[in-house]
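> sequence? don't have it. structure:
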């Protein structure tokens, strides 16, 4: 038996699970407010763009999004198995592929701001 | 005098010589509330049906022999008090294990897995007896003490859905026993155990359902041990692949 | 005497219906779908932010729908469930030993809930 390479993904899963546990509920609450139209100036373009333009803001956005993606991707791989699908390698390529695509998009968007 | 009450004890029976599949048999057992389910089984064996097969030995949650599914939950027969149940109690052999006969399961798989993790002290270096004992502080002892309480009763394997789905999985008790020795300040065998437990079929088959720790009669918390093994194995992996110049 | 062990098959697709604790586990696992989806919503927001004010306005407009509210509500429940299930097991995954004794589990869990509240409050005030 060879040692597993799952630690690569599990490391991201664990780090992402922690980050998303701390910040995602409140972020969802804010988008919920926006969706309900609570306040027209809840998300102003200038304020958010200003945050994303700063290097520290970029780093925070990148960290939260990328870690959340890889957390969700790894857990989804396990969940698909739990629902009875045994094509683990294919599932791994698909879910990590989606997370990789999201990572790439985030980097490109951040570079454009 | 304690009160006596009648319970219906429904037991899953299987005779490999005559049965093609298991069947339920119900016994009416006069119980006192202080009894445990194991007492009810002993009553059946002595008074109603001597053909009933089941394992038990110490009657005090030390030997780990009398694990059964009691109303669908993995329990020690000697720790499941009658007064915690209604008048109908269903007893089945531990889930996830093949049935040998009646409540007796086939446990070779677990025994082999337990042995494979080298659950014994492997000293860092040989020391002559004249050099004296291996000393340990109370803090160093405390670090692994809870894992020494495991009695190999296999309730955690019966509770673990991943073991049921993937029988190759090394499982909760074997990995937490490996963790117990890895955490021991006198031990130097971690590298050897990692070859077995840091594999896909080792700790990485675990998805932290946590059921093992919920059913453990000795509060060993195997689920916690497995997560700690994952954290340590992940640190190993990153060190090995991203910082190969760092010596272990 | 020959042996003939009987093997009870476990359903690969419905095993989790057999016990409440398995259902709780699956509920926890399924939260990842909401986190996945919500993170892509954030990426869309970021994309519109990169494009310009009009793109950002149309993103906000698309968000303002009954479906948007409903999905955000579901995501809120799921992500809170994730956070609680995550913090509740921290003493098991990362026990802390101070001197001889281990720090009690409820202290570690409590510290996480406290930090969660502070972080949430800061982001909420900053966001509004």
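Looks like it came in fine. Bear in mind that the values here come from a model prediction, so they are computed numbers and not experimental data. Residues are numbered from 1 along each chain as shown, chains lettered A, B, ... in the order given.

> which helix runs longest in the chain?
All of this is about chain A. Determined from DSSP state H, the single longest helix within chain A is helix A:6-36.

> chain B was what I was after
Longest helix of chain B, by residue count under DSSP H: helix B:222-242.

> quick one: residues in contact with it.
A:3-5, A:7-8, A:10-11, A:14, B:147, B:150, B:156, B:172-173, B:175-176, B:178-180, B:182, B:194, B:197-198, B:203-204, B:206, B:208-213, B:216, B:246, B:248, C:89, C:91-95 (CB atoms under 8 Å, 6 or more residues apart in numbering or on different chains). C-betas here are computed from N, CA, C, even on glycine.

> so who does residue C:80 touch?
Counted by CB under 8 Å, 6+ apart, residue C:80 has contacts residue A:25.

> in three-state terms, label it for me.
Counting by DSSP: H, G, I helix; E, B strand; the rest coil, the backbone at residue C:80 sits in helix.

> hang on, isn't residue C:44 packed against residue C:59?
Yes. Look at residue C:44 against residue C:59 with CB atoms under 8 Å: they come within range, at 6.4 Å.

> neighbour count winner among the two?
Ranked by neighbour count (other CB atoms under 10 Å in any protein chain shown), residue C:44 and residue C:59 place residue C:59 first, with 20 against 16.

> can you pull the pLDDT of that one?
pLDDT for residue C:59: 94.

> leaving out chain neighbours, which residue sits closest to it?
residue C:48 (3.9 Å; CB to CB, 6 or more residues apart in numbering or on different chains).

> just the buried positions in the helix or strand containing the one you found, please.
If you go by DSSP states H and E, residue C:48 is part of helix C:20-51. Under the neighbour-count criterion of 16 or more other CB atoms under 10 Å in any protein chain shown, helix C:20-51 has C:21-22, C:24-26, C:28-32, C:34-36, C:38-50 buried.

> do stretch A:80-95 as well
The neighbour-count check on stretch A:80-95 (16+ other CB under 10 Å) flags A:80-82, A:91-92, A:95 as buried.

> what's the closest of those to residue C:108?
Comparing these against residue C:108 with CB to CB places residue A:82 closest, at 27.6 Å.

> how about the contacts made by that closest one?
B:207, C:16, C:26, C:29.

> hmm, back to that, now go through the buried residues of stretch A:80-95 and say which are in strands.
Applying DSSP state E to the buried residues of stretch A:80-95, no entry is found in strands.

> can I get those in CSV including pLDDT?
As requested, the buried residues of stretch A:80-95 are exported to CSV (pLDDT from 0 to 100):
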residue, pLDDT
A:80, 98
A:81, 97
A:82, 97
A:91, 97
A:92, 97
A:95, 98
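
> chain C contacts on chain B?
Within chain B, the positions near chain C by CB under 8 Å from any CB of the partner chain are B:14, B:16-17, B:19, B:21-22, B:72, B:95-96, B:98-100, B:106, B:138-139, B:142-143, B:161, B:164-165, B:207-211, B:213-214, B:221, B:223-224, B:227-228, B:231.

> quickly list what the residue nearest to residue B:24 when sequence neighbours are not counted is bridged to.
Once flanking residues are discounted, residue B:24 sits nearest to residue B:10: 5.3 Å by CB to CB, 6+ apart. Beta-bridge partners of residue B:10, counted by DSSP bridges, are residue B:26, residue B:90.

> follow-up on the earlier one: got the angle for the helix holding residue C:48 vs helix A:6-36?
Computed by axes from the mean of the first three to the mean of the last three CA atoms, to 10 degrees, the angle separating helix C:20-51 from helix A:6-36 equals 70 degrees.

> now helix C:20-51, how far from the centre of its chain.
From the chain centre to the centre of helix C:20-51 is a distance of 8 Å (CA atoms, centre = their mean, to the nearest Å).
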